[in-house]
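Asker: Just a sequence and a predicted model for now, questions to come.
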Amino acid sequence: MPLKILVGTQWGDEGKGRIVDLLSAQSDIVARYNGGDNAGHTVTVGDHTFKLHLIPSGIIHPHTLGILGNGLVINPKSLITEMAMLRESGIEVSPDRLKISFAAHLITPGHITLDRAREAALGKGLIGTTGRGIGPAYTDKVSRKGLRLLDMLDLPLFEEKLHLHLQKVNYDLSFYYQMAPLPEDSIVDEYIEYARQLQEYIVDTGALLDIALHEGKLVLAEGAQGMLLDIDHGSYPFVTSSNVTATGVFNGLGIGICPVENVIGATKAFQSRVGAGPFPTELDGEMAERLRGTGAKPWDEFGTTTGRPRRVGWLDGVLLRYARRINGLTDLVLTKMDVLSGLAEIKVCTVYKDIHEETFAVPPLGITQLDQYKPVYETLPGWQEDLTGVRNWDDLPENARSYIRFVEQTSGVRVMLASVGPERSQVVEVPA
Ligand code: IMP
């Protein structure tokens, strides 16, 4: 079947952008189905590094059509800035190349201010959101008072709705957070201007995808964030506000259930997390610094959206098995294998123990109580060789190959590709 799904199996930042870029070479359409500009997808082509937050990374290939599905919350300012950035790099961004669902929701400065105010009010218990207004925009969607892209097609009505929305935000800001109101009129003017710029991109993307799938066009669904941040299946409440998992694709793109060729899980060769929440295999000290990098390279473990240093740790096989179950993963792409070069030993968590020393292959109540478990590790021998120039399986050091096979065995999912550097070509196909 023509639909492939790419989903992050960890807490985001698994390197999905570059995998989308790779898979886009064989795709006609690349469609985002969840989240907003909280995502950060990095793609390196030659000496150019693209950092995309909203537009599907597949747009870098000139033959693809990019879609922003109804499951998204869209900050029009970020979107227009990103369109301009791509154009400056010589990439065509026009209504022929990018379509936005009329049913996607809008993020306003009101949502962003409320996101930050709520986080500040949480004090020590904060989620560590990206501060992009994601949670408040989805809250408005669910409570049936959101602003949609559809509203941008009727400017007088949009203006009215914007005023109502901002009045409500200003009430909440002053009543709950004792904050100054946002300037209603200038925000309305700004959003009317965004509407003028985006109107011709707004269509029924679900209908378009339905036709494309029936015509046999190849569609790649590009997930944002990682499934451990899913609102239903993630480490709640330290999650994002959307359905990140593969099953979110159908709802987030407005297509019926149809056969899927592959559900590909992007998995970093170690674990990382940005923001608060439990992290059983987290490391600190020298080893953490070693895995994180210094931030000098775009590929180092610092948030693409926020610049925050990421928390890092050993690969968690328990969570990877959980990701397999929830997403129905058929394949894995194991990224950043090159970062593990030079380590004497590499650990992988295979099971958890609780305080009574009882062992769990899978925690009994999903992953909401992760802080109650200790990881139990298998230690594997590392390799010293630099992997960045390796392109063939047989040229990988034996211990790197064994590591990949161990990940397959622990997760129960085959690894189709391993990446050994940020460049498009720095991948190794993994034989079955
Ligand atoms: P929000 O999505 O901004 O509400 O943030 C909720 C949680 O998800 C926080 O822990 C964020 O750091 C995390 N998060 C959101 N988007 C991403 C992403 O693209 N990569 C990694 N973490 C993310």
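Answerer: Structure received.

Asker: what's near enough to touch the one residue in the chain that gets nearest to the ligand?
Answerer: The chain approaches the ligand most closely through residue 275 (2.2 Å), counting by CB to the nearest ligand atom. C-beta here means a position set from N, CA and C on the backbone, and glycine is covered the same way. Contacts for residue 275 (CB atoms under 8 Å, 6 or more residues apart in numbering) come out as 11, 127, 128, 129, 130, 238, 308.

Asker: Double-check that it belongs to a strand.
Answerer: No: assessed with DSSP: H, G, I helix; E, B strand; the rest coil, residue 275 is coil; it does not lie in a strand.

Asker: List only buried entries from the contacts of residue 275.
Answerer: Those of these that meet the buried threshold are 11, 127, 128, 129, 130, 238, by 16 or more other CB atoms under 10 Å.

Asker: and these as TSV, adding secondary structure and distance to residue 254?
Answerer: Shown next, in TSV, are these (DSSP: H, G, I helix; E, B strand; the rest coil; distance: CB to CB, whole Å):
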residue	secondary structure	distance to residue 254
11	coil	27
127	coil	28
128	coil	31
129	coil	26
130	coil	25
238	coil	29
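
Asker: give me the subset of those residues touching the ligand.
Answerer: Contacts with the ligand within the buried ones among the contacts of residue 275, as defined by CB under 6 Å from any ligand atom: 11, 127, 128, 129, 130, 238.

Asker: in which helix or strand would I find the residue nearest to residue 190 when sequence neighbours are not counted?
Answerer: In space, and not counting its chain neighbours, residue 190 is closest to residue 77: 7.7 Å by CB to CB, 6 or more residues apart in numbering. Under the criterion of DSSP states H and E, residue 77 resides in helix 76-88.

Asker: And for residue 417?
Answerer: Using DSSP H and E, residue 417 falls in strand 414-419.

Asker: contacts for that strand?
Answerer: With contact meaning CB under 8 Å, 6+ apart, strand 414-419 is reached by 15, 18-19, 22, 264, 269, 330-338, 396, 404, 407-408, 426-430, 432.

Asker: Equivalent analysis for stretch 230-241, please.
Answerer: 11, 35, 38, 127-129, 134-135, 137-139, 225, 227-229, 242-245, 248, 275-278, 326, 366-368, 370.

Asker: quick check, stretch 135-142 touching the ligand?
Answerer: Yes: for stretch 135-142, a contact with the ligand is found by CB under 6 Å from any ligand atom, at residue 135.

Asker: and that stretch, which residues are buried?
Answerer: For stretch 135-142, the neighbour count (16+ other CB under 10 Å) marks 135, 136, 137, 138, 139, 140, 141 as buried.

Asker: Report the mean per-residue pLDDT for it.
Answerer: Mean per-residue pLDDT for stretch 135-142: 98.
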